[in-house]
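Colleague: Fold the following, please.
(3 chains, ligands or ions: 2)
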Amino acid sequence: MNISPLSGICLGSLGIALLFIIFAFLRGSPGLRSYILTRVVLTLPMVFILVTVIFFIMRVIPGDPVTSQLGPRGTEAQREHMREQLGLNDPIMVQYVKYLGKIVRLDLGTALVLGNRPIVDELSERLPATIELTIPAMVIAVGFGVLSGAYAAQHRKKGVDYGLRLFSIAAYSIPVFWLGLILQVVFGIGLNIAPIAGRIDPVINIDLNRMTNILTLDALLTGNWRALGSALHHLFLPSLALATVLTGVFLRLSRINVIESLVEDYITAGRARGIRERVLVYRHALSNALIPIVTLIGLQFSVLLAGAILTETTFSWPGMGLYLVERIGQRDYTAVQGVILVFALSVAVISLLTDIIYAFIDPRVRY
Amino acid sequence: MMDNEKEVLVEIRDLDVRYKTRLGPVSAVDDVSFDIFQGEILGLVGESGCGKSTMGKALMRLLPPATDIHGKVIFDGADVLTFSEDQLRDFRGRRISMIFQDPMTSLNPVQRIDNHLVETIQVHEPDTKETDALSRIRGLVERLGIQKERIEDFPHQLSGGMRQRVMISLGLVLNPSLIIADEATTSLDVIVEAKFLDELREILDEFGVSILVITHNIALVAELADRIAVMYAGRIAELGSIYSVFDNPLHPYTKGLLQSVPSIKLDEREVLYKMPGEPPNLTHPPPGCRFHPRCPEVMPICSNHTPSLLHVTSKQMVNCWLYQDHPEKDQPTIEVAT
Amino acid sequence: MTSTQETSVEVPQWQQDLEQVGFVRRLFLARRWYGADWWFVAIGLALLVFIFSMAFFPDFYAPFDPRAEVGPGLLAPGEPPPSFVLVGKAGGATMLDDLIGDDVRIGIVIASQSSSIIREVTEARQAELIAQGQDVRLRPRPQRYDTLEEALEAVSAGEIPTAVELQSEIEPLLENYPDLEIGETLSGAIQKPFVLGTNQIGQDMLSRVIWGTRIALLVAFSAAIFALLIGVPLGLIAGFWSGRLERVLTLVMDSLYSFPGLILAIAIAAVLGPGIMNVIVAIATLYVPTYYRITRGQTLTVKQSLYVEAARSLGAKPVSILLRYILPNVIPSLVVIFSVNVADAILTEAGLAFIGLGLPPDIPDWGIDVASGQDYLRQAWWLVTFPGIMVSVVTLAFSMLGESLSEILNPRLSEL
Ligand SMILES: Nc1ncnc2c1ncn2[C@@H]1O[C@H](COP(=O)(O)OP(=O)(O)O)[C@@H](O)[C@H]1O
Ligand SMILES: [Mg+2]
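Modeller: Ligands and ions are numbered 1, 2, ... in the order given. Purely as a prediction, here's the structure:
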C-alpha cells in the first residue's frame, strides 16, 4: 500500500496521540490509568457508531448515487456498470463489511468525478489549507477570548461585562459566511486593502518551493518573504472572520469558568491574605479555570470545523470544507462520505485527547 | 472597664451588616458592639445562619461589594471600615488573618504549598527574595509539624489535618495580631480535632496572638476559649468569661443552648432539651428582641422594644429585657449577684 | 462532641427562599439584580414579537410579492428607478400618443430594459384610451440597435420616428444630434425607490427579506420541536427504565452529540435532496441528543431523590411520577435549550442554504439570497448585506433570550 500524504499526516498524528496516551498511562496514578482505559474503551464503540451512522445515512436513505451522478440521461448499461463498479449490487451487509475493511486500511474509495483519483490523495492536498486557516484563527480566538472573558469576569455586572457579553452573543449569532462576505465588501472591495479569494498571489506562488503545502510555513522554511507576505495577506480576512465567531464562544466559556473560580473559597482566602484583585483574577482564578476552559475548547472543535467549511466556501479557500461543498455540488457521494468520515474521526480523537490531557495535567485529579 | 488589665485590640461598635438580595435586604449582623482583647481567645457561637461568618468577614471587609456595612471596627486606633483599597490590602493578612472552614477548598489547588506561603510574604513585602521568604517559613512550618518535604506538594496531596496546619501557617506567617478561625476544625474528625486543639493553644500562647474562634460547637469553645459570645439571629445574646457564662447562663437562649448539649457522663440517659421553633429568617427578622418568638420567658415588652447588650456583672453582659429596666416593662428586673 | 446544628454545605437562606417563589415572579425579581440581563430578555422578547408578526403577516409588511420581478435589476437601496424617455425629432414624435397607429417602430438598445418598460407603459395607456372610448392601436414595434448612437442616428435619419432609453444615457449624447429632443418620460409602475434595493432579477429585497422570516422560523421551530418531541420522551424513558437498551441508546446519542452539527446536517441534507421537510429533518436530528441527555440526566437525579423519599413504595405509578415529579424539574432547562436551539437552527439552515443544500432555489430564503448575492458582491453590496443582517438579528434575539434566561434562572452564579 502506498502511503499518501494525508494518510501520512493522519498516521503520524494518530501515532503521536497514541504515544502520548501510552506515556500518560505509564506515568499516571492508578486512578488516572483506569480513567484512560475507560475513556479509550468508550471511544472505540463511539467511533464505530459514527462510521456506521455515516454509512447508513449515505446508503440507505432514498437517493441513489448512481442516478444522481449520471443524471436522467445515463443509459441502463452505464448505470449497471457504475453500480457494479461501486459495489452497490452486493447485499447491504456485504457492502457494509467491505466498507469497514476499507476504512481500516485508510482507503476512502475513489472520486466519482475528475479522473477518479483516490479520495485520500485529494484530501491530503486539501488538508494543509484547512490547517493553515484554522490554526491562526484558533490561536487568535483563544488568546483574545480567554483574556477578555477573564476581564469580563473581573468586572462582573459592570458596563464592560455586559458589553463583552453582548459582543460574544452577537459574534455567535452572526453567520460566519456572511461576516466573511461583509469583510470582503468592506476591506476587499471598499477599502481595497486585502484580497478576497485564494491562498496566495498566483504570480508569487510560482517560485514558492512547496514542502508541507502549508504556505506560510513553506515560505518561512525557505525564507521566501514575499510569499510569506502574500500568504499572510490572503489569510487576513478569512482567519479574521473565523476567529471572530470563535472568540465569542471562548469569551463566554472563559467568563463563566473564571466567575465560578472567583467564588471559590481559595479566592476569598487569598483576598483575606491581602492578595491583589488583579492577581486573584488572572493568576489564581484563571489558572484554575484554564483547565476546564481548555477541555471545553477541545469540545468546540466541531464549531471550528463547521466554521471552517463555511469560511472556506466564502473565500474560495481550497481546503477540506470547500472540497466537501464542491463535491456535494457535483454529487460525488464517495468523496462526501470520505470527508465527513475524516471530520467525524478527527472530532472523536480530539475529544479523547483533550479529556486525557485534562486528566493528566490537572493536579487535582482524584479519579 | 472591667478587664482593664488587658489592652483592647479591636473595638467593634454598632456594627450593622445588610446583604442585598433580590428578596430584599438580609440583616445578618444587627447593632453589635464588643471588644476583642490582646492575647485572648474569644469564642463566637451560635446556630448556623445566625451571622457568625458575616461578622468575621466584616472585621476584614471581605463581604461582597454591594453589602451595606455601618458602624465602626477600630483596630489600632483606625477604623477598618474607612480604609482605602490599598490600606485594606496591607491590613489583611498582616494585622488580621483568617483561617477558613474547609482547608481543602481554601487552598489554591494548582499552587504548591510553598508558593502559597512565599506569595503571602511577597504581597506584603515586595522586596523579599524568594529564597529569603523560604528560609523564613521553614521554622514556622516545622513548628507546626509539617514535614519539610511536604511543602513542595500540591494541596490535594496532603491529609485534612495537614492542610489545616498549612492554613494556620498561612495565617501566622506575617505575625498578625488577630486570627479569625471560622469553623476551622469542623471538617476534621474528632481525634484529629482534639490533637489539633491542644497544639493550637500552645502555638497561640507562643506567638501571643488573639483569636476569634467562630464555631457552632459550644464544647469546642468550652475547651479553648477565654471568653464566649453567644450570637442569635445577627445579635450578640450574651457575652462573658467562659466560667461565668457556663456556670451561670443568663439569657434564655444561652440556657437552652447549654441544656441541649449532652453531658460527658454517658451512663445517664438524660433527655436533651430541644428548643422549640426555628431560627428566624433574617430577611424578615421579628421585631423587638429577635429571640422572643422562641423564648420560654417572653414578656409583652420583648416584641416591642429591642434590648441592648449590657453588663450585669463585671464579667458578663447580656442582651435581654429580663435584666434591663424599661418604663413599659411590668415585670421586676432580675439583679444578678456578682 | 456535639453541635447545636449540623452544618453541611451551606445554602444561603435567600436561595432557599427563592426556591419558593414562582417562575414569573422570579423573573421580575431579577430585574434589580441583573440590570442588563433583564434588559437582554426584554429586548430579545420585543424583537421576537416583531419578528413573529413578520413571519405571520408578511403581506402586511412586504410591499411586493417576493417572487415577482417588480423593478429593474440591481437597483441600489433608495436609488430612484431610472427614468426612460422618448427621444424624437423636434416637433416630431416625442409623446406617447404620437405613437398611435399600426406598425409604428421604436428604437431600443439591445439588453436594456426599455422594451419591457415600453410594453408596460403602452399597455397601460392603451387600456386608458379604450376606457375613454377611443378604439386606437398603441403597439409600437421595437427595433433593436447595438448601441444608443446607432438608434439615435436612425431617428435623426428619419428611419424610425422615435427611440427610448434612459434619460441619463441620452442627455450627454444629445449635443451631437441637434435635431433631436427629449420628450415624454415613460414612468413604469414603480416610481418610488426600493428601500433595500432590488436583486439581479429585479425582485424587491425588502419583500424577500420579510418573507424569508417565515421560512427561517418555520424551519427552525419545526426542527427544534421535532427534536424535543423525540429527545425528551426517549430521555425520560431511558432515565426511568435503565437497562441494556438504554445503555446502547445513550452511546448512540453521545456519539451523535459529539458529531459536528453542521456536518451531520450537510450529510443528511445532501442525501435527502432539497425540500423544506428534508431540511427540518436534517436539523432536527442534530438536537435530539441534546434533549435526550438533559432529560435523562435530570430524570436520573430526580429518581434518586425519589428513592430516598420512597415515593415508589407509596404506590405512585411510574407515569404519574414522570409527570408529577420529573417533568416539572426538566422544564426550566428545556426552555433555555429550546431557545438556544432555535437560534442555532436558524444559523444552520442559513448555512445549509448558503452552500446550496436544503431549500429549493425559488424560495425567498436568507441563506439562498446571500449565496446568490455573492456573485454580485462587487456591484451590489446590498444583496448579501440585508439577508445576513436578518439572520443575525433573529439569531441574536433568540440567543439573548436563552443566554440571559439561563443566567437569571441559575441563581448559583448570580448574586455573588
Ligand atoms: N452573600 C450573601 N448574600 C446574601 N445573604 C447571605 C450571604 N451570605 C450569608 N447570607 C445570609 O446571612 C445570614 C448569616 O449567614 P452567615 O454569616 O454565613 O451565618 P453563619 O456563619 O452563622 O452560619 C444567613 O441568613 C445567610 O443566608
Ligand atoms: Mg459560617
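
Colleague: Residue C:107: which element?
Modeller: strand C:105-109 (DSSP states H and E).

Colleague: Now do that strand: distance to the chain's middle.
Modeller: Mean-position distance between strand C:105-109 and its chain equals 41 Å (CA atoms, centre = their mean, to the nearest Å).

Colleague: Residue B:247: how many residues sit nearby?
Modeller: Residues lying near residue B:247 (other CB atoms under 10 Å in any protein chain shown) number 9. Where C-beta positions appear, they are placed from N, C-alpha and C, glycine not excepted.

Colleague: Could you check the pLDDT of it?
Modeller: pLDDT recorded at residue B:247 is 89.

Colleague: what does residue B:48 give?
Modeller: 84.

Colleague: And for it, the neighbour number?
Modeller: Count around residue B:48 with other CB under 10 Å applied: 16.

Colleague: was I right about it contacting residue B:214?
Modeller: No. Contact status for residue B:48 versus residue B:214: not in contact, 10.8 Å apart, counting by CB atoms under 8 Å.

Colleague: So which residues of chain B form helices?
Modeller: Using DSSP state H, the helices of chain B run over residues B:52-60, B:85-91, B:113-124, B:130-143, B:160-172, B:190-207, B:218-224, B:242-247, B:252-259.

Colleague: on contacts alone, who are the packing partners of the shortest one?
Modeller: To tie it back to what came earlier, the one meant is helix B:242-247. helix B:218-224, strand B:227-232 (3 or more CB pairs under 8 Å, 6 or more residues apart in numbering or on different chains; DSSP states H and E).

Colleague: Is any residue of the first one near chain C?
Modeller: Yes. Contact between helix B:218-224 and chain C, assessed by CB under 8 Å from any CB of the partner chain, occurs at B:218, B:219, B:220.

Colleague: any idea how far the last one is from residue B:45?
Modeller: Remark: distance between residue B:220 and residue B:45 (CB to CB, to the nearest Å) = 8 Å.

Colleague: the more surrounded of the two?
Modeller: Shown here are residue B:220 and residue B:45; by other CB under 10 Å, residue B:45 has more neighbours (28 against 22).

Colleague: Okay, the more buried one and chain C: tell me how far apart.
Modeller: Counting by CB to the nearest CB, to the nearest Å, the separation of residue B:45 from chain C is 7 Å.

Colleague: before we move on, what about residue B:92?
Modeller: With CB to the nearest CB as the criterion, residue B:92 and chain C are 20 Å apart.

Colleague: Around chain A, which positions in chain B sit nearby?
Modeller: Taking CB under 8 Å from any CB as the measure of proximity, chain B contacts chain A at B:60, B:62, B:88-94, B:97-98, B:100-102, B:105-111, B:119-120, B:123-124, B:154, B:156, B:167, B:170.

Colleague: From the residues you listed, list just the buried residues.
Modeller: Buried subset of the residues of chain B next to chain A (neighbour count, 16 or more other CB atoms under 10 Å in any protein chain shown): B:60, B:62, B:88-89, B:91-94, B:97-98, B:100-102, B:105-111, B:119-120, B:123-124, B:154, B:167, B:170.

Colleague: residue ranges with poor pLDDT in the stretch 1-150 of chain B?
Modeller: Counting by pLDDT under 70, the low-confidence segments of the stretch 1-150 of chain B come to B:1-5.

Colleague: Closest residue of it to chain C?
Modeller: residue B:21 (4.0 Å; CB to the nearest CB).

Colleague: Was I right to think that residue contacts residue C:16?
Modeller: No. Residue B:21 is beyond contact range of residue C:16, at 11.4 Å (criterion: CB under 8 Å).

Colleague: With neighbour numbers in mind, choose between these two.
Modeller: The neighbour count for residue B:21 versus residue C:16, taken as other CB under 10 Å, is higher for residue B:21 (21 against 10).

Colleague: Now the more buried one. Nearest residue, chain neighbours left out?
Modeller: residue C:14 (4.0 Å; CB to CB, 6 or more residues apart in numbering or on different chains).

Colleague: Could I get the contacting residues of the one you found?
Modeller: Counting by CB atoms under 8 Å, 6 or more residues apart in numbering or on different chains, residue C:14 makes contact with B:19, B:21, B:22, B:23, B:26, B:283, C:415.

Colleague: try residue A:240
Modeller: residue A:183.

Colleague: Let me know the helix or strand that it is in.
Modeller: Per DSSP H and E, residue A:240 falls inside helix A:225-262.

Colleague: after that helix, next one along is what?
Modeller: helix A:265-272.

Colleague: just the helices in the stretch 301-416 of chain C please.
Modeller: Per DSSP state H, counting those that start in this stretch, the stretch 301-416 of chain C carries helices over the ranges C:318-321, C:327-354, C:366-373, C:382-409.

Colleague: right, is the last one up against chain B?
Modeller: No. For helix C:382-409 and chain B, the contact criterion (CB under 8 Å from any CB) is not met; the two come no nearer than 9.8 Å.

Colleague: so is residue C:115 in a helix, a strand, or just coil?
Modeller: Put simply, residue C:115 is helix when judged by DSSP: H, G, I helix; E, B strand; the rest coil.
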